[in-house]
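Sequence first, then the predicted structure, then my questions.
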Amino acid sequence: MRVLIVGASGFIGHHLRRRLTQNTDLEVTGTYNARAPGDIDNSWYALEITDHRRLDQIFQRVMPEVVVLLAAIADVKTAETNPERATNVNVNGARNVSRLCTEYNARLVFLSSEYVFKGDLGNYKEDEEPNPDTQYGRTKWQAEIAIAEEACDWSIIRTSVVFGWPITGRRNIATAIIDRLRDGKTFEGDANTYRSPIYVDHLTEGIAQLIKNYQPGTFHIAGTDWMNMYQFGLAVAKVFELDNTLVTQVPTSPDLPSKNTAPEGIVQAPRPDILGLNCNRTTQMLGLPTFSVVSGLRDMLVSFGT
Ligand SMILES: NC(=O)c1ccc[n+]([C@@H]2O[C@H](COP(=O)([O-])OP(=O)(O)OC[C@H]3O[C@@H](n4cnc5c(N)ncnc54)[C@H](OP(=O)(O)O)[C@@H]3O)[C@@H](O)[C@H]2O)c1
């Protein structure tokens with residue numbers, strides 16, 4: 001099966017590509033944008049996702065049977081400060097890819113986010129109504145709508161915060177905590193920010209399953225533990241045997257000016273804090289194992305340097 005990963009040069013794309021290329025039944029190609037991968041060969045294509053002609057050219061060459069769409073402005077702050085660009089890449093890009101999937105008879109697997117929800121309650125189920133409160137969340141939700149309108153065969157996967165070893169030069173929540181604690185610095189864990197963190201290789205296991213066995217619809221693949229960032233910091237310290245007294249608890253809400261009280265001229269993202277996904281229905285439907293934070297951190301620890 002020919003699989004094209006759009007956005008293979010990013011954090012999740014890197015891990016997904018690695019998993020898929022171990023499977024000899026799959027012919028895997030990928031795209032990059034600003035950051036060409038170190039191991040570049042003829043399975044890689046440079047792409048600006050808003051360039052429809054270039055995208056069409058890639059589809060013509062690859063003739064994908066499954067397209068995994070990961071490419072996005074995936075950073076909440078960047079989307080907030082540059083909303084036009086975020087809409088162009090995340091929404092119009094998704095629409096472009098969806099149309100071509102229909103034209104080339106390819107199935108689409110799209111990675112969306114818990115940010116499609118408001119962030120007031122957390123533990124959102126697959127069938128709850130999205131109501132995003134951030135620019136990033138709005139673009140992911142609009143992309144979901146565009147995909148449902150334009151693509152024939154699609155699966156949407158929403159996930160929560162993803163952790164694991166990043167590509168050189170980039171960091172994520174787990175490695176940021178590990179680096180700080182190893183340097184003897186404190187990690188101030190936000191006790192008001194709730195997520196259901198998932199280890200990247202657990203997430204790619206779920207994505208790979210949907211690539212191989214088509215199931216239409218919207219799925220939630222995230223960790224089973226719904227926790228705040230202070231609790232996550234403690235879990236990291238425990239598994240990596242680091243000094244847990246350096247993990248301190250910081251409630252952020254009082255420090256964050258709300259949208260209405262932000263000083264004039266300052267772009268203040270109205271930040272949803274209580275997110276996290278309930279994955280019960282997806283886990284049952286796809287027959288996936290449950291992914292705990294501690295098992296993810298342990299797998300991360302043993303995979304160091306691989
Ligand atoms: N990481 C998380 O915790 C998380 C959680 C929920 C959902 N997601 C979703 O998962 C997907 C992947 O996230 P990630 O963490 O792997 O992000 P990432 O490391 O920032 O990777 C983003 C990917 O998109 C590509 N890209 C960005 N702008 C592009 C453009 N204009 N045209 C073509 N390609 C472009 C990047 O290419 P270059 O790097 O080569 O520029 C890279 O391959 C995103 O859709 C994100 O919304 C991530």
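Great, that's in hand.

Verify the contact between L286 and I211 for me.
No. L286 is not in contact with I211 according to Cβ atoms under 8 Å; the separation is 11.8 Å. C-beta coordinates here come from the backbone N, C-alpha and C atoms, glycine included.

Of these two, which one has the most company?
Here L286 and I211 are set side by side on neighbour count (other Cβ atoms under 10 Å), and the busier one is I211, at 25 against 17.

Read off the pLDDT value for the spatially closest residue to that one that is not a sequence neighbour.
Nearest residue to I211, sequence neighbours excluded (Cβ to Cβ, 6 or more residues apart in numbering): V66, at 5.3 Å. pLDDT, the model's per-residue confidence, is 98 for V66.

Give me the phi and psi for V66.
Note on V66: backbone dihedrals following degrees, to the nearest 10 are phi -130, psi 130.

what do you get for Y194?
Summarising the backbone geometry of Y194 under the convention degrees, to the nearest 10, its torsions are phi -110, psi 140.

distance of it from H220?
With distances defined as Cβ to Cβ, to the nearest Å, the gap from Y194 to H220 amounts to 15 Å.

With E149 instead?
For E149, the distance to H220 equals 21 Å [Cβ to Cβ].

Would you map the strands across the stretch 201-306 of the chain?
217-220, 227-228, 247-250 (DSSP state E, counting those that start in this stretch).

Quick one: closest of those strands to the ligand.
Distances from the ligand to each of the strands of the stretch 201-306 of the chain were compared using Cβ to the nearest ligand atom; the shortest belongs to strand 217-220, at 11.1 Å.

So in that sheet, which strands flank that closest one, and in what orientation?
strand 154-159 (parallel) (DSSP bridges).

right, is the very next helix or strand once past the strand it pairs with up against the ligand?
Scanning forward in sequence from strand 154-159 by DSSP states H and E, the next helix or strand is strand 162-163. Yes. Applying Cβ under 6 Å from any ligand atom, one finds that strand 162-163 is in contact with the ligand at V162.

which secondary structure elements does strand 162-163 contact?
With contacts defined as 3 or more Cβ pairs under 8 Å, 6 or more residues apart in numbering; DSSP states H and E, the secondary structure elements packing on strand 162-163 are helix 173-182, strand 198-199, helix 200-212, helix 293-302.

Among these, show me which one is buried the most.
Neighbour counts averaged per stretch over the helices and strands packed on strand 162-163 are highest for strand 198-199, at a mean of 26; criterion: mean count of other Cβ atoms under 10 Å.

can you list the residues of this protein near the ligand?
The chain comes close to the ligand at residues 7, 9-13, 32-35, 47-49, 70-74, 89, 111, 113, 159, 161-162, as judged by Cβ under 6 Å from any ligand atom.

Now which of these would you call buried?
When neighbours are counted using 16 or more other Cβ atoms under 10 Å, these contain these buried positions: 7, 9-13, 32, 47, 49, 70-74, 89, 111, 113, 159, 161-162.

Just to be sure, which of those are found in helices?
For those, membership in helices holds for F11, I12, G13, with DSSP state H as the criterion.

Export only the CA atoms of the lengthiest helix in the chain, formatted as CSV.
Looking across the chain with DSSP H, the single longest helix is helix 135-150. Listed next in CSV are the C-alpha coordinates belonging to helix 135-150 (Å, rounded to 0.1, in the frame of the first residue of the first chain):
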residue,chain,number,x,y,z
GLN,A,135,-7.3,30.4,17.0
TYR,A,136,-5.4,27.1,16.7
GLY,A,137,-8.4,25.2,17.9
ARG,A,138,-10.6,27.0,15.4
THR,A,139,-8.3,26.1,12.5
LYS,A,140,-8.3,22.4,13.5
TRP,A,141,-12.1,22.4,13.8
GLN,A,142,-12.5,24.1,10.5
ALA,A,143,-10.1,21.7,8.9
GLU,A,144,-12.2,18.8,10.3
ILE,A,145,-15.3,20.3,8.7
ALA,A,146,-13.4,20.9,5.4
ILE,A,147,-12.3,17.2,5.4
ALA,A,148,-15.8,15.9,6.0
GLU,A,149,-17.1,18.1,3.1
GLU,A,150,-14.4,17.4,0.6
